[in-house]
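Peer 1: could you work out the structure for the sequence below:
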Amino acid sequence: MRHFIRLALISIGIAAAAPAAAQDVELPYWASIDAEEAYMRAGAGMQFPIEWVYRREGLPVRVVRLIQGWRYVEEPDGTMGWISSGLLSRRRTAIVIGDELAAMRAAPSADADLRWQVEAGVVGNLGECSDGWCELDVENHKGWIRENSLWGAGEP
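Peer 2: Numbering: from 1, shown residues only. Predicted structure coming up:
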């Protein structure tokens, strides 16, 4: 019986520590939508009304707060709300921003060969960033774009 009680107490301790460990994340951090459809809610819970429906997997978001399975996020246009943590990924993505086409180059340099002109709103997987340039993979079209043309790159 003592052995059973000891195991029960250990199990309770582990279960209680797991959510606490999940809360020990340095904020803010970048994440991305990891579902074909995700709901942004007015509060941290299913009982709160849906304010926005995302149908764009991979869209980058900035996580600024967290509460028990929910993340308070900011999207590229500044909209903020709560999304269930299960609908987010730590996979780094970025979205092209600005009023003009962004040049995607073969190397991280303004003198490198131009590969594509990328429109604002295009989302891709973010690679390494250095010296003001970031590598971006848009459906296997890879190249380098100036960091200031991307939302989701750099420090959150």
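
Peer 1: the residue nearest the centre of the chain is in what secondary structure piece?
Peer 2: In the chain, the centroid-proximal residue (Cα atoms, centre = their mean) is Ala31; its distance is 1.5 Å. Per DSSP states H and E: Ala31 is located in strand 29-33.

Peer 1: next structured bit after that strand?
Peer 2: Strand 29-33 is succeeded, C-terminally, by strand 38-41 (DSSP H and E).

Peer 1: convert that next one to CSV, retaining C-alpha atoms only.
Peer 2: Taking Å, rounded to 0.1, in the frame of the first residue of the first chain, the C-alpha atoms of strand 38-41 are listed here in CSV:
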residue,chain,number,x,y,z
ALA,A,38,-8.0,27.8,-36.8
TYR,A,39,-10.2,30.0,-34.6
MET,A,40,-9.1,33.2,-32.9
ARG,A,41,-11.3,33.7,-29.9
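
Peer 1: just checking, what packs against that strand?
Peer 2: Packing contacts for strand 38-41, counted by 3 or more Cβ pairs under 8 Å, 6 or more residues apart in numbering; DSSP states H and E, involve strand 50-54, strand 80-84. Every residue, glycine included, has its C-beta placed from N, CA and C.

Peer 1: how about low-confidence regions in this protein?
Peer 2: 1-23 (pLDDT under 70).
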